[in-house]
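Enquirer: task: produce atomic coordinates for the following.
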Amino acid sequence: SHAFSGIIYIESLILESNSLKNINLSLVTLEKLNLKDNDISYLEDNMFSKLINLKELRLDNNYLDIIQVDAFKNLDLLQKLFLNENEIKYFYDNVFNHLHNLELLDLSNNYLEQINKKLFENLVNLFDLRLKDNLIKYIEPYSFMQNEKLGVHDMKNYEFNLKYQKINNIDPYLFYGPANIGIIDLSGNLLTKISNRSFYGQTKLNKLDLSENQISVIELNAFESLTSLNSLILSGNKIERIENGVLRHLKKLSILSIDSNYILQIYNHQHRFSFFSGIETSLTLLNLKKNHIQKINKIDFIKLSNLLRLTLDQNQISLINNGSLDNLRKLELLSLKSNCLRNIKSYMFKRLKDLKRLDLSVNLIIEIQLDSFNYLQSLEHLNLSHNQIFFVTTKMFDNLIKLGVLDLSNNFIKNIIHDTRKYNGYIQ
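Expert: This is a model prediction of the structure:
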């Protein structure tokens, strides 16, 4: 306790990368204490109580597993606390009660399994809470209700990172309180259902990542309050369909990824609704890769007038009905790679005058009607590789005045019937 006592005005003490197991200092002027990378496993009551002016405390990369309830007593001025990369499994509910001025709390890379609603309730000035890389199974509703300042310094980019934990349920009002979070990442958990009002109050949320879970049910009001959401990632789940109105609150949604699910059809013909209801005009990027879609119907994308990119790779699409893509007037990229298309009809891409990239590779294409690409005057890249094409005439590509890359590799082409047209790019 008398160590360094001869130094009257010390402000910063760095003891990083030593073998300290315990510490008891009486340096009243100290503002920064770095104990990173030591052998500390236990924080007893009043351990830092004499460091009344401390503003930053680093205890990361130790062996901490037990922190007594009054370990941080008298640290009323503390602003930054690093407890990451330890072996902490739980906290007493009142362990942070003395830290009214705390702005940053790093609890990442521990073994936390549960967050109780009292744990952070006195951290009213907290701007940055880090919980990534734990083993969290459950977070009690209203756990962040008093942390209204979370993300206030960087609203659009502040990320609430809970990916690759063990969370199997999100209760209603779980995230209620802080309203300045930009990104919530819950990917790689064990979620099976998204309940009503799970994200209630997150009116400024920009991106929500729910990928790589086991979600099969999304309740009608699951996304209520997410009026600023730009990107929704639902990839790698067990979704067969999205019920009518589930996305209706997402008025600004631009990016929707539902790849690697079990979707059979886009428009529900039995109940007469599309799961795009409410987001038709805002959507610009749609990823439906790796589902079980077998055909594209005229009504499927009829209202997606502002869509720029559509990815339908690795489905089982064998039929694109007449007019199915006609309303996608602004589309710039269309990928139908790895499907079951056999014939390319003249009507398929007739209205896609802004299309720049078209991928039809790895299908079963045998026949291409001569005028199939006639209207694609903006097309720059056309991929027809890995099909069963026997016959090609360069007349098929006559109107593709901006074509830079044409890939016909890995087909059964014996002859290319040639005209005199010169290409801007090359034929592979």
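
Enquirer: pretty sure residue 68 is touching residue 48, no?
Expert: No: using C-beta atoms under 8 Å, residue 68 is not in contact with residue 48, being 11.4 Å away. Glycine gets a C-beta too; all of them are placed from N, C-alpha and C.

Enquirer: quick one: which of those two has more around it?
Expert: Higher neighbour count among residue 68 and residue 48: residue 48, with 22 against 15, using other C-beta atoms under 10 Å.

Enquirer: element containing that one?
Expert: For residue 48, there is no helix or strand it lies in under DSSP states H and E.

Enquirer: may I see the buried residues of stretch 343-351?
Expert: By 16 or more other C-beta atoms under 10 Å, the buried positions in stretch 343-351 come out as 343, 344, 345, 347, 348, 349, 350, 351.

Enquirer: ok, residue 193 touching residue 216?
Expert: Yes: Residue 193 is in contact with residue 216 according to C-beta under 8 Å; the separation is 7.3 Å.

Enquirer: got the contact list for residue 250?
Expert: Residue 250 sits next to 223, 226, 227, 229, 232, 278, 279, 282 when contact means C-beta atoms under 8 Å, 6 or more residues apart in numbering.

Enquirer: quick one: low-confidence ranges for the stretch 151-300 of the chain?
Expert: For the stretch 151-300 of the chain, applying pLDDT under 70 flags the ranges 155-156, 269-273.

Enquirer: ranges for the helices of it?
Expert: Ranges of helices in the stretch 151-300 of the chain, per DSSP state H, counting those that start in this stretch: none exist.

Enquirer: contacting residues for residue 335?
Expert: Residue 335 is in contact with 289, 310, 311, 312, 313, 357, 358, 359, counting by C-beta under 8 Å, 6+ apart.

Enquirer: top of these by neighbour count?
Expert: Within the contacts of residue 335, most neighbours by other C-beta under 10 Å means residue 312, with 24 neighbours.

Enquirer: over to it: give its phi and psi.
Expert: Dihedral pair for residue 312: phi -130, psi 20, per degrees, to the nearest 10.

Enquirer: residue 57: what secondary structure?
Expert: Here residue 57 is strand, with the state taken from DSSP: H, G, I helix; E, B strand; the rest coil.

Enquirer: got the contact list for it?
Expert: Each residue near residue 57 by C-beta under 8 Å, 6+ apart is listed here: 33, 35, 48, 75, 78, 80, 81, 82.

Enquirer: in what element of secondary structure is the first one found?
Expert: For residue 33, the element it lies in under DSSP H and E is strand 32-34.

Enquirer: roughly how far is the next helix or strand after that strand from the heart of the chain?
Expert: Going down the chain from strand 32-34, the next helix or strand is strand 42-43, by DSSP H and E. For strand 42-43, the separation from the chain centroid amounts to 36 Å (computed by C-alpha atoms, centre = their mean, to the nearest Å).

Enquirer: which other residues reach strand 42-43?
Expert: Contacting residues not belonging to strand 42-43 are listed as 22, 59, 64, 65, 66, 67, 68, 71 [C-beta under 8 Å, 6+ apart].

Enquirer: what about the third one, distance to residue 40?
Expert: Between residue 64 and residue 40 the computed distance is 6 Å (C-beta to C-beta, to the nearest Å).
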